[in-house]
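Undergrad: Need a 3D model of the sequence below.
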Amino acid sequence: MLALPIDTNGSSTKLSFLQNPYVLSADPCGSSSGSAVGVATNLATVTLGTETDGSIICPSTANAVVRIKPTVGLTSRAGVIPVSPRQDNIRPICRTVSDAVYVLDEIVGFDRRDRKANRTALKFIPAGGYK
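TA: Sure thing, here's the model as predicted:
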């Protein structure tokens, strides 16, 4: 994940503009565009991003990478700046579906620091994980 503040259209306070790696004139789309571009250009195998309203959906689609949307409560939001308790969640961004499943399997679970990631949410995790 880029350690630079990225605006909703991929612009940065440190760099001029993040580009879509497939169509340089296209918008990389969204505040997690740095994460999606990093995966699309093989700078990272997996990144994690936060989603409230399109922050991962748009850049994943625009940069041809995979994302999984877990049910709120499956992944801990501890440390995430809250915007919407019913929508905020952590999601993996990967190149392949199998990579996204492996990452999701590792990041789901109970966390005392997030009241939504509780024991009730654990019932949605399949026996044996997501593999």
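Undergrad: in which helix or strand would I find the most centrally placed residue in the chain?
TA: In the chain, the residue lying closest to the centroid (C-alpha atoms, centre = their mean) is Gly49, at 3.0 Å. Using DSSP states H and E, Gly49 sits within strand 46-51.
Undergrad: Now that strand: buried residues?
TA: Buried residues in strand 46-51, counted by 16 or more other C-beta atoms under 10 Å: Val46, Thr47, Gly49, Thr50, Glu51. From N, CA and C alone the C-beta is placed, and that goes for glycine too.
Undergrad: Can I get that strand in CSV, CA atoms only?
TA: What follows is strand 46-51, C-alpha atoms only, in CSV (Å, rounded to 0.1, in the frame of the first residue of the first chain):
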residue,chain,number,x,y,z
VAL,A,46,-1.9,-8.3,-1.8
THR,A,47,-3.0,-5.0,-0.2
LEU,A,48,-5.6,-4.2,2.3
GLY,A,49,-7.9,-1.3,2.0
THR,A,50,-10.9,0.2,3.7
GLU,A,51,-14.3,0.5,2.1
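Undergrad: May I have the distance across stretch 35-47, first residue to last?
TA: Terminal residues of stretch 35-47 are spaced 6 Å apart (C-alpha to C-alpha, to the nearest Å).
Undergrad: which residues sit against that stretch?
TA: 1-2, 10, 18-22, 28-30, 32, 48-49, 56, 59-60, 62-65, 92-95, 99-100, 103 (C-beta atoms under 8 Å, 6 or more residues apart in numbering).
Undergrad: Separate out the buried members of the residues you listed.
TA: Neighbour counting by 16+ other C-beta under 10 Å classes 1-2, 10, 18-21, 28-30, 32, 49, 56, 59-60, 62-63, 65, 92-95, 99-100, 103 among the contacts of stretch 35-47 as buried.
Undergrad: Looking at these, which are in strands?
TA: Cross-referencing these against strands under DSSP state E gives Gly49, Pro92, Ile93, Cys94.
Undergrad: quick one: the helices in this structure?
TA: Assigned by DSSP state H, the chain shows helices spanning 33-40, 57-62, 97-107.
Undergrad: who does the shortest one touch, helix- and strand-wise?
TA: When contacts are defined as 3 or more C-beta pairs under 8 Å, 6 or more residues apart in numbering; DSSP states H and E, helix 57-62 packs onto helix 33-40, strand 66-67.
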